[in-house]
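# Everything below, folded, please.
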Amino acid sequence: MLKKMLKGLLLLIVTSLCVQSAFAFYSDMDESHWAYKQIKILSDSGVLVGYPDGTFKPDENVTRAEFASMAIKALGQEHTNIAQPVNFTDIDTSYWAYDAIQKAVYFDLVSNEKDAEEFRPEDSVSRAETITIAVNALTTEQISEQKARDILKSYKDYANIPSDFVVTAGKAEILNMITVEPDRKGYLDAARPATRAEVAAILYNMTEQAKLNPNAKLAEAMRKKTGNGYVIDKAYVQGSTGVIPAGSVVPVKLGTVLGTQISENGDLFIAKAPQNYITKDKFILIYKDSDIKGQVRIVEPGRLFFKNGVLILDSNILVTPNDQAVVFKGVSNVESEKSKFMEFIRKIFKGDKVTVIPGNVVYVRLLQPLRIDLTNGWIYENK
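Residues are numbered from 1 along each chain as shown. Next up, the predicted model:
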């Protein structure tokens with residue numbers, strides 16, 4: 001009863017939030033705001049979030065750590081694994097944005113010229129820093145400093161542009177990526193802290209350009225991974241997302257001894273994906289050796305002349321190489337391998353006994369669909 005009440009309350013909260021998002025958006029802004037479009041798109045995708053009171057506060061500043069986290073989310077790389085983190089003296093693994101900052105360095109969004117330097121995570125991110133990160137996410141045409149200066153001459157504060165930012169700013173101007181608050185039109189304002197609205201605009205411009213010309217590391221990470229394996233015929237692809245529909249059948253290799261004469265209802269089992277699960281176009285959905293866990297749902301011993309043994313397994317959890325554990329609801333009616341003759345015999349003379357040992361493969365029919373990011377193997381939770 002309590003579970004039903006909690007589920008109902010959760011549904012009410014989610015519904016309320018959806019209605020608020022669809023109709024109210026943020027209470028302190030509407031469609032007349034100059035960055036409304038960018039803020040709404042990035043909020044809908046979870047890159048930007050508002051405050052608990054329902055406001056967005058578009059004129060507030062953003063910290064360097066917040067911007068690194070936003071940039072990684074905007075580029076869809078929040079689930080990427082980083083093998084060798086760099087060392088900053090002012091953050092450690094307990095810091096809330098540690099992973100995002102490491103990813104920003106790995107993808108060359110943020111430079112780290114030497115080990116053991118400061119990141120300054122709580123400092124306000126400047127407009128120059130936001131534009132630099134956005135440009136660093138891209139593969140761009142090389143331009144000279146003189147060409148960049150020629151391009152930037154129209155800005156009223158041209159003389160104040162830092163020398164180490166000139167080329168980057170020139171590239172951003174060529175790509176039409178520089179945006180500024182309306183009351184500062186005509187100014188680059190490189191050193192000024194970026195507002196949340198300006199951050200939204202630069203992140204939106206970055207994501208649009210990264211779809212076309214990401215930098216080398218991002219291009220590799222954003223590439224849908226392919227390989228050989230077990231083809232799931234009904235699986236399909238939507239953009240960079242692969243979908244395994246409910247009802248699909250997949251092989252699993254058991255790592256536990258189970259049998260109608262030795263197992264009991266509720267016994268746990270472990271298994272693995274014996275090979276990659278792939279689409280017809282060889283996009284990898286689930287990687288080989290992903291762990292699958294479940295339990296025996298029904299077991300009935302085989303009795304000679306009376307009945308054949310019944311062994312039905314429920315799969316529950318899938319653990320991927322990303323160390324992500326997700327719901328993997330499926331059912332398997334395990335049957336022993338028999339020749340046609342023995343199949344005929346067991347129809348007449350009951351008593352079939354089913355036993356599976358580690359290494360044996362059984363087939364699981366999925367009861368829920370799975371949606372997978374084909375670039376990194378991340379599985380989206382069913383909502």
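# Now do the helices in the stretch 51-200 of the chain.
In the stretch 51-200 of the chain, the helices defined using DSSP state H, counting those that start in this stretch lie at 64-74, 98-106, 127-136, 145-152, 166-174, 196-210.
# Arrange those helices in CSV, one row each, with mean pLDDT as further columns.
As requested, these are exported to CSV (pLDDT from 0 to 100):
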stretch, mean pLDDT
helix 64-74, 97
helix 98-106, 95
helix 127-136, 98
helix 145-152, 96
helix 166-174, 97
helix 196-210, 97
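# what's the closest of those to Asn316?
Asn316 sits nearest to helix 98-106 of all the helices of the stretch 51-200 of the chain, at 27.7 Å, using Cβ to Cβ. From N, CA and C alone the C-beta is placed, and that goes for glycine too.
# export the closest one as CSV, just CAs?
Taking Å, rounded to 0.1, in the frame of the first residue of the first chain, the C-alpha atoms of helix 98-106 are listed here in CSV:
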residue,chain,number,x,y,z
TYR,A,98,35.7,16.9,-10.4
ASP,A,99,34.6,14.4,-13.2
ALA,A,100,33.3,17.2,-15.4
ILE,A,101,36.5,19.2,-15.1
GLN,A,102,38.6,16.1,-15.9
LYS,A,103,36.6,15.5,-19.0
ALA,A,104,36.9,19.2,-20.0
VAL,A,105,40.6,18.8,-19.9
TYR,A,106,40.6,15.4,-21.7
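# Identify the residues contacting Asp123.
63-64 (Cβ atoms under 8 Å, 6 or more residues apart in numbering).
# The one 10 residues further on now?
Each residue near Ile133 by Cβ under 8 Å, 6+ apart is listed here: 67-68, 71, 104, 109-110, 206.
# Let's have these in TSV, adding distance to Glu220 and neighbour count.
Compiled in TSV, those are given as follows (distance: Cβ to Cβ, whole Å; neighbours: other Cβ atoms under 10 Å):
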residue	distance to Glu220	neighbour count
Phe67	23	26
Ala68	20	25
Ala71	18	28
Ala104	16	26
Leu109	15	25
Val110	18	21
Met206	18	27
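# Thr320: which of the helices of the stretch 51-200 of the chain is closest?
helix 98-106 (17.1 Å).
# now the closest one: how far from the chain's centre is it?
Distance of helix 98-106 from its chain centroid, counting by Cα atoms, centre = their mean, to the nearest Å, is 15 Å.
# That one - contacts with which helices or strands?
helix 64-74 (3 or more Cβ pairs under 8 Å, 6 or more residues apart in numbering; DSSP states H and E).
# okay, the angle between the helix it packs on and helix 98-106?
Using axes from the mean of the first three to the mean of the last three Cα atoms, to 10 degrees, the inter-axis angle of helix 64-74 relative to helix 98-106 is 70 degrees.
# And for helix 64-74, what's in contact with it?
By Cβ under 8 Å, 6+ apart, helix 64-74 touches 42, 46-48, 62, 78, 91, 95-97, 100-101, 103-104, 107, 109-110, 119-125, 129-130, 133-134, 137, 194, 199, 203-204, 206-207.
# ok, now with 7 Å
For helix 64-74, contacts defined as Cβ atoms under 7 Å, 6 or more residues apart in numbering pick out 42, 46-48, 78, 97, 100-101, 103-104, 109-110, 119-123, 125, 129-130, 133, 199, 203, 206-207.
# again, but for stretch 198-208
With Cβ under 7 Å, 6+ apart, stretch 198-208 has contacts from 35, 38-39, 41-42, 47-48, 62, 67, 70-71, 74-75, 127, 130-131, 134, 137, 177, 179-181.
# cutoff 8 Å now
Counting by Cβ under 8 Å, 6+ apart, 35, 37-39, 41-42, 47-48, 58, 62, 67, 70-71, 74-75, 125, 127, 130-131, 133-134, 137-138, 175-177, 179-181, 194 sit against stretch 198-208.
# Pull out the buried members of the contacts of helix 64-74.
Neighbour-count burial (16 or more other Cβ atoms under 10 Å) is assigned, among the contacts of helix 64-74, to 42, 47-48, 78, 97, 100-101, 103-104, 109-110, 119, 121, 125, 129-130, 133, 199, 203, 206-207.
# which residues does the nearest residue to Val110 once chain neighbours are set aside contact?
The shortest distance from Val110 to any residue other than its chain neighbours is 4.5 Å, reached at Ala104 (Cβ to Cβ, 6 or more residues apart in numbering). Counting by Cβ under 8 Å, 6+ apart, Ala104 makes contact with 68, 71-72, 110, 133.
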